[in-house]
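Peer 1: Below are the sequence and a predicted model for it; my questions follow.
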Amino acid sequence: MAHDTTHAKHAGAKKRIWQVFIILSILTIVEVVLGILKPDFLVHNDLVSLSLLNWIFIVLTIVKAYYIVWAFMHMEHEAASLRRVVVWTGVFLISYLIAILLIEGTYVQEIYTEGYITWDF
């Protein structure tokens, strides 16, 4: 009897791994196809001083990271409070990093293009 329940759990875990693999593969394929094709309407339209294509890459990467944590760190089976702490911390840190990159990247670009010193790279 114990063997039957173990086999059922193993089959469920195997199915779960394949689901995660397929979802992550689809997201990665979408990123690669968008990176190769670079549609003009996504490249030349900006949102908060960054092209829509870059925003799509950022969002897809965050979704993939969240899904990896959710599935492989077994967060789906943890208490709700622990899930919130882990996810909210990650969302806050990633949002902060993106804000710093956008602010400082724009500043560096302005200095490079409109500065008084010529840069010889």
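Peer 2: Received, thanks.
Peer 1: Can you list the low-confidence ranges for this structure?
Peer 2: Residue ranges of the chain with pLDDT under 70: 1-8, 118-121.
Peer 1: Repeat the analysis, applying 80 as the threshold.
Peer 2: Residue ranges of the chain with pLDDT under 80: 1-10, 48-49, 102-103, 105-112, 115-121.
Peer 1: So which residues of the protein form helices?
Peer 2: Using DSSP state H, the helices found in the chain span residues 2-37, 40-43, 52-72, 80-114.
Peer 1: out of those helices, deepest packed?
Peer 2: Mean neighbours per residue, mean count of other CB atoms under 10 Å, is largest over the helices of the chain for helix 52-72, with a mean of 15. Using the backbone N, CA and C atoms, a C-beta is placed for each residue, glycine as well.
Peer 1: So what touches it?
Peer 2: For helix 52-72, the external contacting residues (CB atoms under 8 Å, 6 or more residues apart in numbering) are 16, 20, 23-24, 27-28, 30-31, 34-35, 38-39, 41-43, 45-47, 75-76, 86-87, 90, 94, 98.
Peer 1: Share the number of residues neighbouring M75, please.
Peer 2: Neighbour count of M75, defined by other CB atoms under 10 Å: 16.
Peer 1: what's the spacing between it and F41?
Peer 2: Look at M75 and F41: by CB to CB, to the nearest Å, they are 36 Å apart.
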